[in-house]
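Undergrad: with the sequence up front, the predicted model follows.
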Amino acid sequence: MRRFIDLADFNRDQILDLLALARALQDKPEPRALAGKILGLVFLNPSLRTLASFQAGMARLGGSSFVITPGQGTWQLETHLNAIMNGAAAEHIREGIPVLASYCDALGVRAFADGRSLNEDLREPLFEMIDGLCDKPLINMESAMNHPCQALADWRTMDELKVPARAKFVLSWVYHPKALPLAVPAAAVQMAAMRGMEVVVLRPDGFAMPPQIMDKARLAAASAGGSVTETGDRAAAMAGASVLYAKEWGTTLYYGDTEADSRLRADLSQWCVRESWFTGALPDAKLMHCLPVRRNVAVADEVLDGPRAVVKREAFNRLTVQMAVLHRMLA
Amino acid sequence: MRRFIDLADFNRDQILDLLALARALQDKPEPRALAGKILGLVFLNPSLRTLASFQAGMARLGGSSFVITPGQGTWQLETHLNAIMNGAAAEHIREGIPVLASYCDALGVRAFADGRSLNEDLREPLFEMIDGLCDKPLINMESAMNHPCQALADWRTMDELKVPARAKFVLSWVYHPKALPLAVPAAAVQMAAMRGMEVVVLRPDGFAMPPQIMDKARLAAASAGGSVTETGDRAAAMAGASVLYAKEWGTTLYYGDTEADSRLRADLSQWCVRESWFTGALPDAKLMHCLPVRRNVAVADEVLDGPRAVVKREAFNRLTVQMAVLHRMLA
Amino acid sequence: MRRFIDLADFNRDQILDLLALARALQDKPEPRALAGKILGLVFLNPSLRTLASFQAGMARLGGSSFVITPGQGTWQLETHLNAIMNGAAAEHIREGIPVLASYCDALGVRAFADGRSLNEDLREPLFEMIDGLCDKPLINMESAMNHPCQALADWRTMDELKVPARAKFVLSWVYHPKALPLAVPAAAVQMAAMRGMEVVVLRPDGFAMPPQIMDKARLAAASAGGSVTETGDRAAAMAGASVLYAKEWGTTLYYGDTEADSRLRADLSQWCVRESWFTGALPDAKLMHCLPVRRNVAVADEVLDGPRAVVKREAFNRLTVQMAVLHRMLA
């Protein structure tokens, strides 16, 4: 495997194979599998789980890693083609990425959405550029519209919890003080669709998932035997749900317009998941979230501290599935 | 060993045993003892020695480590229970700590005092919460009122220098532009008391050690054959002293009141250790300090650059004693 | 080898020997050569290549490393002797450097020029102090006036490209929004002179290389069979050139005077390398640069993206030559 950029680049069997490898590496560790291998980690945006779990994963497989955080001890990186670089950025990714790739055996890159044009961000121009600049195996550690490592960890978590493939998976918008990117919700919808689930996107007006993301997920659902729909009706969405996947994201109607986004979300602070949301769901319905989660803003303590929350297992599975990806790429 | 949080959690024999292990590992390295083991290091506050020596110690034992510094490339962490997280912190330690613990075999955490209520900080509510959240071995890399790694390194340094167990150990307040936490002085008093020394706390008015810390140390002193007293009289304190342990800390009388603290210390800039302080001490009396030290503010160049100063040996012993702790936890 | 601070500290045969070792380690990796060894990396200034390549180099040789970045998760370090430390810096390098050295087997330090007095910076007072404080092998990762790792990587790159030892090497000043240090241009001139090249420094008025640097390089050139001259005439400089080494630096005429420097460079934005600069050069003349490079400010896209640019190979060779240095110091 040379690229791990989008779950949709793989067919269902390849994903199941990766998940099996994750389980196998957990049951039977291979502490020397990546001896001498080096993973470079480039964070254009903040991280906690990704930063820790990739380093831990390489170490558990006998390899090592280095971390580059542009703007913190390292030059800020310019990402625009043909830029006249007389501003804050001292280095262009056209030099930075190939140089870092030349020092390591695989590169992980985190590069959030630009956040100004939805159509532009949906094209993933930055990650595509990085892809073209990297002649080593490359891992998407969250791009403008994707987060395949999170999606794979979530898939594995549902398998562990024995959530049936055909179960109802509700991705719900939740409140956050400001607009966050679409990477995780987009990846979650795609993952649940590929898993064959009955996917419902629940969100207030102005926050619909972009049609391109829904259409892509519907294609996957069609092949896997599931479905993908969207609604603003919480009761209908939650009826019979096995999973509530809570996530914050910015307006798609006025994408990139901070003021419009603020106006839209001003009245939406009640979109904080409480136990009452689960009325109508299956009795043992689970609460998933990719973390970090703002307690009592996006999800209430009563849910995060109760038996429904499986957020820590999802986070732990970042480690296990990423070890499978690294193993497939480098062993 | 599952916890290394407070020297007082161990009896004297257990400490002597750890010190013996530190010496043994130095004499006869075990470069594969922790092969495959991973240490997670979480710094809610700045560090130099701790950051470098824990990574070096793991590497010298064949293990590896990762570093998380909230606010620098990582989300700021909320630490208050029931917080409504609509401010700067994107993640709560209730998620952050268990998740990071799940990636590693042992966790070290640094979390300084809140600095508002003395009684509250003495209860160590934050570190206690972290303790409860971490299901892996946990190391206190400095908490509100404790720094057991520093204390253990200081004990070993005095052993190496053949400072007698019954020698006079003077912990003296020294000047600093602002109030610093009580963690190191509290740990130093406890350590010297457990070692059986004649402990004298020398400090100006308004900077007395809290009774809780003194009483706890006196209990240890009683069992070890030493004593713990407090004074503002430098000549009396230094008479016959073997060790002057210099440390900066904030007012305990007006704890958390920055203005009162500033007023109190305004006239105390002469509390900068000079060679003249050692008049009356034993001829080869030593100057100890946990570092970092502000030269010519807390301690004068003439002392730091002279034969009394053993501060670099103390710092080196951070490495040796922490390797013993890690070995006991993980080997 | 205990010190790698200045190429001029070595004779030509010693350098050729290091370059041969770099080649040998690339052809025949030694993944256990530095097993158990620890490299400490201290960055008083930002870095990308150095930060990544030293960590990767240690890992490729089986060792490990830790990184200290004062001011970012670590105390700011005071560097002046006899300072009364009542400002921002909490720790002096007189403690910081020996303590960090005590944790590792070799130390790399980056410490840029103070930038106020040319004669002072030419004396390298800070790096000389660090040298005196470090009792472990020490590597200069860029000091006030030197960058031997970059110079050695550049030498190797020219060897790989079969640039003849007697070829014409033009170091040209190029535009940058502000004054940068002299470390790289000084090291490049010294390197090319030691390699026996016909070295020409091309620069606008006010940016002449300091005589001390030119004289030292001329001494090396005399012994190696080359020459070192200086000019403001681009056509004359580029005539017959094999290499254009582009670099930004601050005024030497009004060294440390930011306003004078700004005035001088205000009209120099045309000193951005374009393909037209190579008229008169050898047909396959190369563009070298140490990176980071500001595209379309210092060097135009048309050159960086064309066949002349070998900047990524130079950067990769940072890894290969540093592995040779580390091997010589620690194996």
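TA: Done, it's in. Numbering: from 1, shown residues only, chains lettered A, B, ... in the order given.
Undergrad: from here on, just use CA atoms for contacts and neighbour counts.
TA: OK.
Undergrad: for A:Phe169, grab the count of nearby residues.
TA: The number of residues packed near A:Phe169 is 28, by other CA atoms under 10 Å in any protein chain shown.
Undergrad: which residues sit against the strand or helix carrying it?
TA: For A:Phe169, the enclosing helix or strand under DSSP states H and E is strand A:168-173. Strand A:168-173 is contacted by residues A:185, A:188-189, A:192, A:197-204, A:207, A:237-238, A:240-249, A:271 when judged by CA atoms under 8 Å, 6 or more residues apart in numbering or on different chains.
Undergrad: can you check what angle separates the next helix or strand after it from strand A:168-173?
TA: For strand A:168-173, the following helix or strand on the C-terminal side (DSSP H and E) is helix A:183-194. Following axes from the mean of the first three to the mean of the last three CA atoms, to 10 degrees, one obtains 170 degrees for the angle between helix A:183-194 and strand A:168-173.
Undergrad: mind listing the strands the next helix or strand after helix A:183-194 pairs with, and their directions?
TA: The helix or strand immediately downstream of helix A:183-194 is strand A:198-202, counting by DSSP H and E. Sheet pairing here is set by DSSP bridges, and for strand A:198-202 it gives strand A:168-173 (parallel), strand A:227-231 (parallel).
Undergrad: pLDDT on the first one, on average?
TA: On average, the pLDDT along strand A:168-173 is 98.
Undergrad: equivalent analysis for the last one, please.
TA: On average, the pLDDT along strand A:227-231 is 98.
Undergrad: try stretch A:156-164
TA: Here the average pLDDT along stretch A:156-164 is 98.
Undergrad: what does stretch A:128-136 give?
TA: The pLDDT scores in stretch A:128-136 average 98.
Undergrad: from the chain's centre, how far out does that stretch sit?
TA: Distance, stretch centre to chain centre, for stretch A:128-136: 20 Å (CA atoms, centre = their mean, to the nearest Å).
Undergrad: okay, buried residues for it please.
TA: For stretch A:128-136, a neighbour-count test (16 or more other CA atoms under 10 Å in any protein chain shown) marks A:Met129, A:Ile130, A:Asp131, A:Leu133, A:Cys134, A:Asp135, A:Lys136 as buried.
Undergrad: next step: those residues restricted to helices.
TA: With helices defined by DSSP state H, the entries of the buried residues of stretch A:128-136 inside them are A:Met129, A:Ile130, A:Asp131, A:Leu133.
Undergrad: now the last one: closest residue in space that isn't a chain neighbour?
TA: Think A:Leu133. The spatial neighbour of A:Leu133 that comes closest, neighbours along the chain excluded (CA to CA, 6 or more residues apart in numbering or on different chains), is A:Pro98 at 5.7 Å.
Undergrad: mind listing what the one you found touches?
TA: A:Leu133, A:Cys134, A:Asp135, C:Lys312.
Undergrad: so the first one touches A:Val99, yeah?
TA: Read that as A:Leu133. No - A:Leu133 is beyond contact range of A:Val99, at 9.5 Å (criterion: CA atoms under 8 Å).
Undergrad: surely A:Asn146 and A:Ala183 touch.
TA: Yes - the pair A:Asn146 / A:Ala183 is scored as a contact, 4.3 Å apart, by CA under 8 Å.
Undergrad: okay, those two: which has more neighbours?
TA: Neighbour count, other CA under 10 Å: between A:Asn146 and A:Ala183, A:Asn146 has more, with 28 against 20.
Undergrad: so the more buried one, which of the three states?
TA: Look at A:Asn146: counting by DSSP: H, G, I helix; E, B strand; the rest coil, its state is coil.
Undergrad: ok, the residue nearest to A:Ala224 when sequence neighbours are not counted to A:Cys149 distance?
TA: Of all residues not flanking A:Ala224 in the chain, A:Gly196 sits nearest, at 4.6 Å (CA to CA, 6+ apart). Separation of A:Gly196 from A:Cys149 (CA to CA, to the nearest Å): 19 Å.
Undergrad: would you confirm that A:Ala101 contacts A:Glu95?
TA: No - with contact defined as CA under 8 Å, A:Ala101 does not reach A:Glu95; the gap is 10.1 Å.
Undergrad: quick check: residues of chain A near chain B?
TA: Contact residues, chain A versus chain B (CA under 8 Å from any CA of the partner chain): A:31, A:43, A:45-49, A:51-53, A:55-56, A:59-60, A:62, A:69, A:72, A:176-177, A:291-297, A:301, A:312, A:315-316, A:319.
Undergrad: from those residues, list the buried ones, please.
TA: For the residues of chain A next to chain B, buried by 16+ other CA under 10 Å: A:31, A:43, A:45-49, A:51-53, A:55-56, A:59-60, A:62, A:69, A:176-177, A:291-297, A:301, A:312, A:315-316, A:319.
Undergrad: filter those down to the ones in helices?
TA: Counted as lying in helices by DSSP H, out of these, are A:49, A:51-53, A:55-56, A:59-60, A:301, A:312, A:315-316, A:319.
Undergrad: and which of the residues you listed is nearest chain C?
TA: A:Ala59 (11.6 Å; CA to the nearest CA).
Undergrad: contacts only, for the residue at minimal distance from the centre of chain A.
TA: Nearest to the geometric centre of chain A sits A:His147, at 2.9 Å (CA atoms, centre = their mean). By CA under 8 Å, 6+ apart, the contact list for A:His147 reads A:Ile5, A:Asp6, A:Asn140, A:Met141, A:Ala183, A:Val184, A:Ala187.
Undergrad: what is the nearest of those to chain B?
TA: Among those, and counting by CA to the nearest CA, the member closest to chain B is A:Met141, at 14.2 Å.
Undergrad: any idea how far B:Asn296 is from the residue of the stretch 201-331 of chain A found nearest chain C?
TA: Nearest to chain C, among the residues of the stretch 201-331 of chain A, is A:Leu330, at 14.8 Å (CA to the nearest CA). A:Leu330 sits 54 Å away from B:Asn296, going by CA to CA.
Undergrad: one more: A:Val325?
TA: Distance of A:Val325 to B:Asn296, given as CA to CA: 54 Å.
Undergrad: is it true that A:Asn86 touches C:Arg294?
TA: Yes - between A:Asn86 and C:Arg294 there is a contact under CA under 8 Å: 7.2 Å.
Undergrad: quick one, what contacts the residue at the greatest distance from the centre of chain A?
TA: Distance from the C-alpha centroid of chain A, by CA atoms, centre = their mean, peaks at A:Asn86 (33.6 Å). Taking CA under 8 Å, 6+ apart, we find A:Asn86 in contact with C:His176, C:Pro177, C:Arg294, C:Val297.
Undergrad: go again with 10 Å.
TA: Residues counted as contacts of A:Asn86 (CA atoms under 10 Å, 6 or more residues apart in numbering or on different chains) are C:His176, C:Pro177, C:Lys178, C:Arg294, C:Arg295, C:Asn296, C:Val297, C:Ala298.
Undergrad: any chance of those in CSV, with pLDDT too?
TA: CSV is the format used below for the contacts of A:Asn86 (pLDDT from 0 to 100):
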residue, pLDDT
C:His176, 97
C:Pro177, 95
C:Lys178, 94
C:Arg294, 98
C:Arg295, 98
C:Asn296, 98
C:Val297, 98
C:Ala298, 98
